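J.: What would the 3D arrangement of this be:
(3 chains)
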Amino acid sequence: MTPAVGRSVSRKDGMAKTLGTAKYIDDLSFPGMLYGRTIRATIPKGRVRAIHLDFDPAGFTIVDYRDIPGPQCNFVALIEADQPFLVSDEINHVAEPILLLAHEDRDALLAAEVRIEYDEAEPVLDPEQSPTVFKHLRIRKGDPEAAMATADVIVEGTYRTGHQEHVYIETNGVIAVPENNGITVYGSMQCPYYVHKALKALLVLPDERVRVVQTETGGGFGGKEEYPNILAGHASLLARKSGRPVKMVYDRVEDMIATTKRHPSIIRHRTGVMKDGRLVAMEIDVLMDGGAYVTLSPVVLSRGCIHAAGPYRCDHTRIDGRAVMTNTPPNGAFRGFGAPQTQFATEVHMDRIAETLGMDPAALRELNALRPGDTSATGQVMGEDCSAVEALRAGVERSDYHRKRAEYAGSNRGIGLSLFFHGSGFTGSGEIYLASKATLEATETGARIRVASVEMGQGTRTMHAQIVADALGIPYENVEIVQPDTHQVPDSGPTVASRTCMVVGKILQRCAEEMRERLGEMTPGEYVREHGPLSITKQFEKPEEISWDDTEYTGDAYAAYGWGCDVAEVELDPVTYEVKPLHLTIVHEIGKAIHPSMVVGQIEGGSAQGVGWALNENVVMKNGGMANPTLTNYTIPTTLDAPRMDVIVLENPSGYGPFGAKGVGEMPIDGPAPAVVNAIRHLGLDVRSIPAIPETIMEVACTSR
Amino acid sequence: MKTATTTLDLRPARTLDEALRILADDGPRVPLAGCTDVFVNLHFGTTSDHRFINIWGLDELRGISADGGVLRLGALTTYTEMIRSDVVREWLPAMVAASREVGGVQIQNRGTLAGNIANGSPAADSLPVLAVADAVVILRSLDGERRVPVNELYTGYRATVIRPDELILAVEVPRVEGTQWFRKVGTRAAQAISKVVMAAVRGPEPRIAFGSVAATVVRVPETERCLAAGGSIDEAQRVLEGEITPIDDVRSTAAYRLRVAGNLLRQWWRETE
Amino acid sequence: MHFTLNGAETEVDAHPMKRLLDVLREECGLTGTKEGCGEGECGACTVLVDGLPVVSCLVPFAQAADAEVTTIEGLGGTHPYQHAFAEFSGAQCGICTPGMILAAIALGPDPSLDDIRTGLAGNLCRCTGYEAIYRAIQNA
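T.: Predicted coordinates for the structure are as follows:
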């Protein structure tokens, strides 16, 4: 039998999507269903003085904070209990939900006018002036202060990154159905069990009376990690009060003003180097704007800080990270989860170091790149699957970097590179706390997978089925997948953090291996007919040799890392200051490509998203709210904006993932922004912030060129 | 959709006469052509218009022809029709270039020339072309026909001299002497709104128009006169900077628009030498 | 009101200002046409009207009168692009896919890469970076 792993088999969900038969949340309807609407704050900080309902309330269901079982329940269960589902009194950001309305007629719902009077207060909008620190992290290795004093040269710089909106083409949406003395929520989401947890806490219901079902999800990118908790809560409150199913699907504007964004960051580097290019000391201060509530900021900051020193060896490193409060909508998970911000800073800084030393940027990186046996900033010893040097060399060679670097000099073309890495799975002890489970059942025809990991375009169903097929020795076509539903699947943890293949896929592989043993010489069908049902559930097991200290922030931050090198070629239009990304050479070492064409798809898609973040995607904030919340004015790349891409996949297997696989979903967005900005630097333009929109390039061009 | 569609009132019109009668007797009503602006405004809830008249089916407002030294573009001519028209390519190549820059193919298939004119956005892609071509807008009402030069059509931001009982019938463009030039600087490479847009004619009398640098699309007569009088491009750029009044908005900055407008002027001058 | 939907003569009673998108999804039960923005930017709601791709979120139902409307359902799974998009990972999350396929069909047979990039500039995809879509169309 031809193995499924390593082959681009037919996607499980491919034809349903091209036929238009795949059902997304807005495609579903329930008898007696109402539509829900959210009334939101229009000020960044203050109190609600009065609410006026300027409509006839007949036929409406109206919910406010008093409809929540108790004040102790009015918090979205995540890390801290600080974010209310509905404002009771104090408003902390624009678009904060205050009131919920539902009606069976959408036009009547739209026509309902609500006026809110506020007592406004002074908001905190500048993260550098914020008095509230959500999380302060420190990583320390060696003696950076002493080592800095021994350096030949010290290079300093401050780098800034902006908000980024996910722009999944399907907006957030759920339907809540009151049933079985509890609630069932269908929706577009990445983490059914996060929603389950949040609903249990909000509605004070036991496990079995809350059911969460993921529907076909039209893109997530982190934007459907934690936000659906709130939306599901809102729809559930309306459904419980009205006793009817309630659909809430955001329109694009609401989705953009209200839901999470990538954390903006301000990152300062101070680096001591020797004349030959060796890094001797790194001091890095990371500031992330968390927005009004804690949400996931501490863990975004954590991943950001762990990646902040880049894929380089340096014996003396200090990383100091803070996530702070501002009166803006909470920022949250977005592909890369803090690492794109910090590695943007590091990689632009590396080119500035090279420039200061008069060194070739690739040579500087090659000299300092982590190799097997080296230690990271947290003291993690790199294993044999550390491929920084291989990725760099492949990128330099494939792109013809050095020849083009010389050839483009003095022209309107530039070429720049970036070297980066990305840890797979939850940070530190995260996977131990998650204790994810996966279940595999033998069926008449093969096997059935039960996991909570969702398909949102990245290929979960297909990739998991491939792993099970080969581990069990049955055809890929004979593996079926149960739609994530908390009544049907165990808690496999959230579909985030590049963990779905490496962590959940590994648990499934272990399930399949045990099933293989139990089956003996029989096929699954023969076994089931003779012995009855066979179901195997396994839980995550921490590899013994992996250890992490959560208080000191030292040890093995991730079981495995992917390694990447991007080379960007750009062209500057001196008339308009537009930078056109012409071409991207992308090298990713990911252990094992379970499904090569989906892997390339993840890499290309993440890279295009990274190019958008670098050059074009500008969230304009005014008085604490997004001022351009439309697809007309927040411009993601079109076919004519995305560069042509050449992807090279390297495989250096990790012992911890199935068939050697590491994560791939997030890493692609780490590299493009610094590679593009370094290509702009090659043009003689000292850009240190993104998005590098033409207005920014013009300012730089008028001062530095 | 921020506006409840069932609250909207749409009257159909089967003939031009019927449409004009409805506008006279049961106006004011916003004419619906390709709807690519009206429905966006309804979606965002940025219009209070609730009464409309559907003119999409009026074939009397369609057609492209050139006759007696005049190019005539029917009001409902779509961007796609202009892109595909040999006549437009011959007479007004800058309009073909502008049409290609409007939205994506889907918008080009639906958006109309008269819609762009009536919507009156200062960022409209076709208007600088019409402005430098000295196009004349033909308006029709039950009272008869009026011919208004496009350069006299706008009285302010999205405000025109078109009366509520009038429909745009067609646009007439006299033959343009000289080399036509067009460039749009948008918020991205395609499917973008202009941050600065310029059309120009390099001929006996230079003609220059800009969009997105003032409350309306504007000709810049002083800059034109400077160049016509043999002024240098440096002088012309200085004159231009005093003649346009760009602003900051969510799409760009006044400083960028001012400088890029000057750069475009220089690029045009250089490329059409 | 009368129109031809996926080849079938169809009569629908709906408000003339209702978006064609909503008529297709709610009155005709054809949910393969997706809404991504409602402002004519993303192209997810692309359908063919008299053979031309349009964004159905910006078409009032009244303007579809007597027109021929083709949605993804009208292709019936027989179009080579439907198989190629599935095979070459041109569909990831799938929400842009129906509109993308219809816009691609309107390019005519064997489009060049330049034609594809220009012709699909009105269809946003956030998953693929577009390369897999080019591969799907060119290998169909």
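
J.: Would you quantify the distance from the closest residue to chain C within chain B to C:His79?
T.: Proximity of chain B to chain C (CB to the nearest CB) peaks at B:Gly104, 1.6 Å away. C-beta: built from backbone N, CA, C; applies to glycine. B:Gly104 sits at a distance of 21 Å from C:His79 (criterion: CB to CB, to the nearest Å).

J.: got it, and A:Val700?
T.: Taking CB to CB, one finds A:Val700 at 48 Å from C:His79.

J.: Now for the nearest residue to A:Ala447 once chain neighbours are set aside, how many residues are close by?
T.: Of all residues not flanking A:Ala447 in the chain, A:Val479 sits nearest, at 5.2 Å (CB to CB, 6 or more residues apart in numbering or on different chains). A total of 29 residues lie near A:Val479 under the criterion other CB atoms under 10 Å in any protein chain shown.

J.: ditto for A:Ser424
T.: For A:Ser424, using other CB under 10 Å, the count is 28.

J.: Next up, phi/psi of it, please.
T.: phi -100, psi 140 (degrees, to the nearest 10).

J.: doesn't A:Arg499 make contact with it?
T.: Yes - with contact defined as CB atoms under 8 Å, A:Ser424 reaches A:Arg499; the gap is 6.5 Å.

J.: if I look at whichever residue of chain C sits closest to chain A, how far off is chain B?
T.: Chain C approaches chain A most closely through C:Gly32 (2.3 Å), counting by CB to the nearest CB. With distances taken as CB to the nearest CB, to the nearest Å, C:Gly32 is found 17 Å from chain B.

J.: what's the helix or strand for A:Ser418?
T.: strand A:413-423 (DSSP states H and E).

J.: any idea which helix or strand comes after that strand?
T.: Criterion used, DSSP H and E; the element after strand A:413-423 is helix A:430-434.

J.: So for A:Ser424 and A:Arg499, which residues contact both of them?
T.: A:Gly663 (CB atoms under 8 Å, 6 or more residues apart in numbering or on different chains).

J.: follow-up on the earlier one: from the contact counts, what lies against the strand holding A:Ser418?
T.: Judged by 3 or more CB pairs under 8 Å, 6 or more residues apart in numbering or on different chains; DSSP states H and E, the packing partners of strand A:413-423 are helix A:339-357, helix A:361-368, helix A:388-399, helix A:401-408, strand A:561-573, helix A:672-682.

J.: Compare these and report which one is nearest to chain B.
T.: That would be, of these and by CB to the nearest CB, strand A:561-573, which comes in at 8.9 Å.

J.: tell me the angle of the helix or strand following that closest one relative to helix A:401-408?
T.: Once the chain leaves strand A:561-573, the next helix or strand it forms, by DSSP H and E, is strand A:578-589. Strand A:578-589 and helix A:401-408 are oriented at 170 degrees to each other (axes from the mean of the first three to the mean of the last three CA atoms, to 10 degrees).

J.: Which strands border strand A:578-589, and is each parallel or antiparallel?
T.: On the basis of DSSP bridges, the sheet neighbours of strand A:578-589 come out as strand A:561-573 (antiparallel), strand A:644-650 (parallel).

J.: how much does the first one deviate in direction from helix A:388-399?
T.: Regarding strand A:561-573 and helix A:388-399, their directions subtend 30 degrees when assessed with the same axes, to 10 degrees.

J.: what does the stretch 1-150 of chain A put close to chain C?
T.: A:8, A:10-11, A:13-24, A:26-27 (CB under 8 Å from any CB of the partner chain).

J.: quick one: A:Arg398 and chain C, what's the gap?
T.: Remark: distance between A:Arg398 and chain C (CB to the nearest CB) = 16 Å.

J.: Pretty sure that residue sits against A:Val587.
T.: Yes - with contact defined as CB under 8 Å, A:Arg398 counts as touching A:Val587 (7.0 Å).

J.: out of those two, which sits in the busier spot?
T.: Higher neighbour count among A:Arg398 and A:Val587: A:Val587, with 29 against 16, using other CB under 10 Å.

J.: Do I have it right that the more buried one meets A:Ile648?
T.: Yes - using CB under 8 Å, A:Val587 makes contact with A:Ile648 at a distance of 4.6 Å.

J.: Can you work out which residues contact both of these two?
T.: A:Ala394, A:Gly395, A:Arg398.

J.: returning to what we had before: any figure for the gap between the residue nearest to A:Ala447 and chain C?
T.: 18 Å.

J.: so that residue touches A:Met463, yeah?
T.: No - contact between A:Val479 and A:Met463 fails when scored by CB under 8 Å: they sit 11.0 Å apart.

J.: low-confidence ranges in chain B?
T.: Applying pLDDT under 70 to chain B flags residues B:1.

J.: any chance you could map the strands in it?
T.: Assigned by DSSP state E, the strands in chain B fall at B:9-12, B:30-32, B:51-54, B:64-67, B:70-74, B:136-141, B:144-149, B:154-156, B:159-160, B:167-174, B:179-186, B:194-202, B:207-211, B:218-219.

J.: Tabulate these (TSV), appending mean neighbour count and distance to B:Arg270.
T.: Formatted as TSV, those follow (neighbours: other CB atoms under 10 Å in any protein chain shown; distance: least, CB to CB, whole Å):
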stretch	mean neighbour count	distance to B:Arg270
strand B:9-12	17	50
strand B:30-32	22	41
strand B:51-54	20	46
strand B:64-67	14	31
strand B:70-74	21	28
strand B:136-141	22	31
strand B:144-149	12	30
strand B:154-156	14	30
strand B:159-160	16	35
strand B:167-174	21	26
strand B:179-186	22	11
strand B:194-202	27	11
strand B:207-211	27	14
strand B:218-219	20	21
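
J.: Can you add distance to chain A and give those strands back as CSV?
T.: Output for the strands of chain B, formatted as CSV (distance: least, CB to the nearest CB, whole Å):
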stretch, distance to chain A
strand B:9-12, 14
strand B:30-32, 19
strand B:51-54, 16
strand B:64-67, 27
strand B:70-74, 26
strand B:136-141, 26
strand B:144-149, 30
strand B:154-156, 22
strand B:159-160, 22
strand B:167-174, 25
strand B:179-186, 5
strand B:194-202, 8
strand B:207-211, 14
strand B:218-219, 20
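
J.: can you list those strands in a markdown table and add distance to A:Arg140?
T.: Output for the strands of chain B, formatted as a markdown table (distance: least, CB to CB, whole Å):
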| stretch | distance to A:Arg140 |
| --- | --- |
| strand B:9-12 | 69 |
| strand B:30-32 | 66 |
| strand B:51-54 | 67 |
| strand B:64-67 | 73 |
| strand B:70-74 | 71 |
| strand B:136-141 | 72 |
| strand B:144-149 | 73 |
| strand B:154-156 | 63 |
| strand B:159-160 | 64 |
| strand B:167-174 | 71 |
| strand B:179-186 | 48 |
| strand B:194-202 | 47 |
| strand B:207-211 | 56 |
| strand B:218-219 | 61 |
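
J.: Compare those and report which one is nearest to C:Tyr134.
T.: C:Tyr134 sits nearest to strand B:179-186 of all the strands of chain B, at 22.6 Å, using CB to CB.

J.: Is there proximity between the closest one and chain C?
T.: No - on the criterion CB under 8 Å from any CB, strand B:179-186 is out of touch with chain C, staying 11.3 Å away.

J.: Count the residues that sit near C:His79.
T.: The burial count for C:His79: 19, using other CB under 10 Å.

J.: what about the residue lying closest to it once chain neighbours are set aside, distance to C:Ser89?
T.: Excluding the flanking residues, the one nearest C:His79 by CB to CB, 6+ apart is C:Ile105, at 6.7 Å. Note on C:Ile105: its distance to C:Ser89, by CB to CB, is 19 Å.

J.: what do you get for A:Glu441?
T.: For A:Glu441, the distance to C:Ser89 - CB to CB - is 28 Å.
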